[in-house]
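Undergrad: Predicted model and sequence below, questions to follow.
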Amino acid sequence: MALMEWMIMNARARTVVVGVGNEFRRDDGVGWAVVALLRERAQHRADGPGSEVEFTVSDGDPARLIDMWRGADLCVVVDAAHAHPGRPGRVHRLELRKGTPAPAASASTHGMGLGEAVELSRALDSLPARLVVFAVEGEDTSLGTGLSTSVRNAVTPLAERVEREIGAAPSLDTAREGSSTAGVSDGRSG
């Protein structure tokens with residue numbers, strides 16, 4: 001086997017988890033809270049979901065988001081969202097694979113951000129091979145710290161879902177194939 005073939009076979013897919021939001025706007029900090037929990041859990045294991053993952057947070061600026069996920073095979077984004085009527089703590093899952101059209105825009109708690117980052121990234125051909133977004137319906141985005149009870153109760157189950165998503169991620173070769181499917185939320189929070 002040639003050296004290049006061995007390197008490709010043994011290359012790990014690059015995985016990035018981004019918590020989007022503002023921890024000083026109560027439930028808008030849910031993405032940051034999930035990333036903090038995932039970092040803590042990853043530190044307690046030598047391998048398994050989370051051991052080779054980049055964990056980061058963002059205020060949702062499109063340029064920074066694009067820089068964070070550029071070159072990733074899998075990027076998982078956790079963000080707060082508005083829904084009408086809303087059910088605080090409910091989690092929506094959206095998956096976008098490179099080369100597929102974007103689904104209808106969702107209502108993030110940010111005026112600009114994730115949707116714009118996806119479209120700009122698509123135009124720049126810098127989308128990750130797979131982009132999975134978990135949007136958590138918030139209750140309170142007023143100034144202050146601390147999540148509402150319903151959103152706080154969603155953090156641990158959502159961190160477990162993200163770990164399963166990472167654990168189920170395909171190998172590097174499969175991730176780069178970029179099959180074209182897009183999915184929308186199953187509406188479950190656990």
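TA: In hand now; what should we look at?

Undergrad: switch to C-alpha atoms for all contacts and neighbour counts from now on
TA: Fine.

Undergrad: tell me the contacts of Leu124?
TA: With contact set as CA atoms under 8 Å, 6 or more residues apart in numbering, Leu124 has no partners.

Undergrad: next one: Gly138
TA: By CA under 8 Å, 6+ apart, the neighbours of Gly138 are 27-28, 80-82, 86-89, 151.

Undergrad: what bridges to the most centrally placed residue in the chain?
TA: The chain has Val77 as the residue nearest its centroid, 1.6 Å off, counting by CA atoms, centre = their mean. Beta bridges link Val77 to Val18, Val133 when assigned by DSSP bridges.

Undergrad: I'd guessed it sits against Val30; true?
TA: No - with contact defined as CA atoms under 8 Å, Val77 and Val30 do not form a contacting pair (11.2 Å).

Undergrad: Please enumerate the shared neighbours of those two.
TA: Shared contacts of Val77 and Val30, counting by CA under 8 Å, 6+ apart, come down to Gly19.

Undergrad: Got a PyMOL select line for the buried ones in the contacts of Gly138?
TA: Selecting only the buried entries of the contacts of Gly138 in PyMOL, with 16 or more other CA atoms under 10 Å as the criterion:
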select buried, resi 27+28+80+81+82+88+89+151
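
Undergrad: okay if I get the contacts of Gly138 as CSV plus pLDDT and distance to Val34?
TA: Compiled in CSV, these are given as follows (pLDDT from 0 to 100; distance: CA to CA, whole Å):
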residue, pLDDT, distance to Val34
Asp27, 97, 12
Asp28, 97, 12
Ala80, 96, 11
Ala81, 94, 15
His82, 87, 18
Gly86, 87, 20
Arg87, 95, 19
Pro88, 97, 16
Gly89, 97, 13
Val151, 98, 11
